[in-house]
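Chemist: A structural model of the following input is requested.
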Amino acid sequence: MEHLEFFPQRASSIASTIDDIYFVWLGLSAIVALAIGALIVFFIIKYRKGSSSPQPAPDDPAHERAMHRIEITWTLIPLAIFLAMFAWSTRAYYESVTVPPDAMPIYVVGKQWMWHIEHPGGQREINELHVPLGRTIELVMTSQDVIHSFSIPGFRVKQDVLPGRYTTLWFKTTRAGDFRWFCTQYCGTAHSQMIGRVVVMDANDYSSWLVATQTPGSMAELGAASFRQFGCSGCHSPNATVHAPRLEGLFGTTVQLQDGRTVVADERFIRDSVFLPNKNVPQSYQPIMPSFRGQIDEQQMLEIIEYIKSLQSVSQGVTQ
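Modeler: Model (predicted):
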């Protein structure tokens, strides 16, 4: 089907599975629709008014047994087929939302009406995304204003991008070339302009692109600068006198909260800790941290997150 213009070329590791599920569902739907249509026509003709077709007696035991067998058959066979399809689709869904541990993170901020991309090395792009061929990519995405939706038809991936939250999308490319992406959630008057392209390059070309677009500082370095600018280091540095959680080795660990809950210190936890500090207060700490909502924008927040990710653990039990 890839030769059809309306059916995008497959270019990711998950694309074939998504297409297979789609066409099997399409085929099953067509078979059921045609079978029902054919039976309707058959019964209309066979049992039309004035037809000489024999009518079974309502209390005929043989007729009742035949009807029971038919009912059991048309119940169990479709049930088995649809349960198998459910299991297949569920497995594909969980694979599509479970980010592989070796994925390279790239950060995306949607805003009316453009996509801002930032790589860990500090390279920034607008409405373009350069990635290496064959490398697993994780997009960590948020919106600065309204709900957007990031869709790459050639990769068969799509994810809503929400204000105040981080959503993720991953893919592993299988073909080099340019692939269009679209915003598939109406987001205002210039919604149709919120498009871009993914440029898939081989490893050498991608390395050359990284060098050519190198910036004065990586995301982690820019995040460290913002970390100091907003006074975060006054409480969270190793030498701080204020009793605040240590950040070295924090990312990805499990944090015990005052209310008894446990959460994973991921991107969302860090963002909430900065903008909604009273939402998830770590155990043994007081809710004295101020909110930085309105002071730190989404781009700076992502850079601070990348900085915290880069911190290495200097002691055991940093989340205690």
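
Chemist: confidence score at Gln256?
Modeler: pLDDT, Gln256: 90.

Chemist: Over to it. Which of the three states is it?
Modeler: What DSSP: H, G, I helix; E, B strand; the rest coil gives for Gln256 is strand.

Chemist: For Phe6, report the pLDDT, please.
Modeler: On pLDDT, Phe6 comes in at 67.

Chemist: Poorly predicted segments of the chain, please.
Modeler: The chain contains residues with pLDDT under 70 at 1-6, 53-58, 312-320.

Chemist: which residues in it form strands?
Modeler: Secondary structure of the chain by DSSP state E: the strands cover 104-111, 114-118, 124-126, 128-132, 136-143, 148-152, 157-161, 167-172, 177-183, 195-201, 254-256, 262-264.

Chemist: any chance you could map the helices in the stretch 201-320 of the chain?
Modeler: Chain-ordered helices for the stretch 201-320 of the chain, with DSSP state H, counting those that start in this stretch as the definition, fall at 203-212, 219-229, 233-236, 267-275, 298-310.

Chemist: Save these as TSV, and put in distance to Leu129 and mean neighbour count too.
Modeler: Glycine gets a C-beta too; all of them are placed from N, C-alpha and C. TSV is the format used below for the helices of the stretch 201-320 of the chain (distance: least, C-beta to C-beta, whole Å; neighbours: other C-beta atoms under 10 Å):
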stretch	distance to Leu129	mean neighbour count
helix 203-212	11	12
helix 219-229	15	19
helix 233-236	32	15
helix 267-275	18	20
helix 298-310	15	22
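
Chemist: who wins for proximity to Glu71 among those helices?
Modeler: Put simply, out of the helices of the stretch 201-320 of the chain the one that sits nearest Glu71 is helix 267-275, at 50.0 Å, with distance taken as C-beta to C-beta.

Chemist: Kindly format the C-alpha coordinates of the closest one as CSV.
Modeler: Written as CSV, here are the backbone C-alpha positions of helix 267-275 (Å, rounded to 0.1, in the frame of the first residue of the first chain):
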residue,chain,number,x,y,z
GLU,A,267,10.4,15.3,34.2
ARG,A,268,6.9,15.9,35.4
PHE,A,269,7.9,15.6,39.1
ILE,A,270,10.6,18.2,38.7
ARG,A,271,8.3,20.6,36.8
ASP,A,272,5.6,20.3,39.4
SER,A,273,8.2,20.8,42.2
VAL,A,274,9.2,24.2,40.6
PHE,A,275,5.7,25.4,39.6
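
Chemist: hang on, the earlier thing: may I see the strands of the chain arranged in TSV, with distance to Asp20 and mean neighbour count as well?
Modeler: TSV is the format used below for the strands of the chain (distance: least, C-beta to C-beta, whole Å; neighbours: other C-beta under 10 Å):
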stretch	distance to Asp20	mean neighbour count
strand 104-111	27	21
strand 114-118	30	20
strand 124-126	33	13
strand 128-132	24	19
strand 136-143	21	22
strand 148-152	18	23
strand 157-161	16	20
strand 167-172	17	21
strand 177-183	20	18
strand 195-201	22	19
strand 254-256	37	14
strand 262-264	33	12
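
Chemist: Tyr93: which of those is closest?
Modeler: Across the strands of the chain, Tyr93 has its closest neighbour in strand 157-161 (12.0 Å, C-beta to C-beta).

Chemist: Please state the offset of that closest one from the chain centre?
Modeler: For strand 157-161, the separation from the chain centroid amounts to 6 Å (computed by C-alpha atoms, centre = their mean, to the nearest Å).

Chemist: just stretch 207-218 next, same as before
Modeler: Between the centre of stretch 207-218 and the centre of its chain there are 27 Å (C-alpha atoms, centre = their mean).

Chemist: List of residues touching it?
Modeler: The set of residues that contact stretch 207-218 without belonging to it, under C-beta atoms under 8 Å, 6 or more residues apart in numbering, is 119-124, 130, 201, 225, 306.

Chemist: do that again at 10 Å, thanks
Modeler: Outside stretch 207-218, the residues that touch it by C-beta atoms under 10 Å, 6 or more residues apart in numbering are 118-125, 130-132, 199, 201, 221-225, 303, 306-307, 310.
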